[in-house]
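**Student:** I'll drop the sequence and a predicted model, then ask my questions.
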Amino acid sequence: MPPRPRFDRRAPVRELPNINERISYPNLRVVDADGSQLGVITREAALEVAKDRELDLVLVSEKADPPVCRIMDYGKYKFEQEKKAKEAKKKSHQTEVKEVKMRYKIDSHDYQVRIGQAQRFLRDGDKVKCTVIFRGREIQHTALAEVLLMRMARDLEENAEIQQPPKREGRNMIMFLSPRKAAAGKPAASPKPSEGRSRPTPEPAIASGGVAGEQPVRATV
């Protein structure tokens with residue numbers, strides 16, 4: 001029977017930066033802190049210059065012949081590099097698909113809640129999967145679910161555009177919305193008041209409940 005492997009309790013090896021005494025090349029091309037060239041000098045002379053300036057000797061190009069070093073404040077340089085990396089990570093947003101679920105008989109309050117959720121997702125630059133779930137005999141009312149999804153697309157048209165129109169998948173009907181480029185990261189604009197005496201465009205109403213198949217969704221005028 002082979003011996004059982006021993007647990008390695010040693011700490012992981014950390015890769016240390018090539019600065020000051022860790023630089024082992026005998027001759028170096030050195031750039032001063034102000035960007036001026038000090039030319040090719042010995043390692044000892046470069047360390048002495050960095051010490052006189054109370055700064056660090058940092059290896060910046062190991063493959064050059066001779067290797068290139070720069071005199072700088074390494075602690076400050078490392079802090080600035082980490083800060084730049086964090087800022088770049090914040091700016092590089094990974095697009096995700098967020099889902100909003102509902103029933104085709106959803107009431108008005110819950111519908112507005114779903115609209116608010118979708119607006120937040122779209123403003124963050126994420127895509128939205130709008131899903132209408134059917135239960136039991138509700139599957140007979142796919143047309144009403146499609147009406148509901150298209151109404152949601154119209155209510156979100158300032159922030160979103162339809163990436164995939166309503167489509168039935170199993171016992172669900174889904175629609176995908178993607179954020180408009182001009183709307184991503186901006187708050188939704190408040191609706192403008194109607195001018196004159198023009199009548200609003202009729203929109204299908206949200207069902208207020210009841211047993212599936214009893215009351216169809218009616219259009220409001």
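**Tutor:** Looks like it arrived, so ask away.
**Student:** tell me, how many residues neighbour Ile19?
**Tutor:** Here the number of neighbours of Ile19 (other Cβ atoms under 10 Å) works out to 17. For the C-beta atoms, the positions are set from N, CA and C on the backbone; glycine is no exception.
**Student:** next one: phi and psi at it?
**Tutor:** According to degrees, to the nearest 10, the main-chain angles of Ile19 amount to phi -130, psi 150.
**Student:** is it in contact with Gly75, as I believe?
**Tutor:** No: between Ile19 and Gly75 there is no contact, the gap being 10.2 Å when judged by Cβ atoms under 8 Å.
**Student:** list residues touching both of the two?
**Tutor:** Applying Cβ atoms under 8 Å, 6 or more residues apart in numbering, one finds that Ile19 and Gly75 are jointly contacted by Asp56.
**Student:** okay, domains of this structure per the record?
**Tutor:** Using automatic domain parsing, the domain ranges for the chain come out as 20-80, 97-186.
**Student:** average pLDDT for the shortest one?
**Tutor:** Confidence over domain 20-80 (mean pLDDT, whole number) is 91.
**Student:** would you mind measuring the gap between the ends of that domain?
**Tutor:** Using Cα to Cα, to the nearest Å, the span of domain 20-80 from its first residue to its last is 20 Å.
**Student:** and what of stretch 118-135?
**Tutor:** Distances were taken as Cα to Cα; on that basis the terminal residues of stretch 118-135 are 23 Å apart.
**Student:** buried residues of stretch 102-111, list them for me.
**Tutor:** Burial within stretch 102-111, assessed by neighbour count using 16 or more other Cβ atoms under 10 Å, is assigned to 102-106, 111.
**Student:** and the longest helix for the chain?
**Tutor:** In terms of residue count, the longest helix belonging to the chain (DSSP state H) is helix 74-91.
**Student:** what is the next helix or strand after it packed up against?
**Tutor:** Next helix or strand after helix 74-91 toward the C-terminus (DSSP states H and E): strand 97-102. With contacts taken as 3 or more Cβ pairs under 8 Å, 6 or more residues apart in numbering; DSSP states H and E, strand 97-102 sits against helix 108-123, strand 127-133.
**Student:** next one: the longest one to chain centre, how far?
**Tutor:** Centroid separation for helix 108-123 versus its chain: 19 Å, with Cα atoms, centre = their mean, to the nearest Å.
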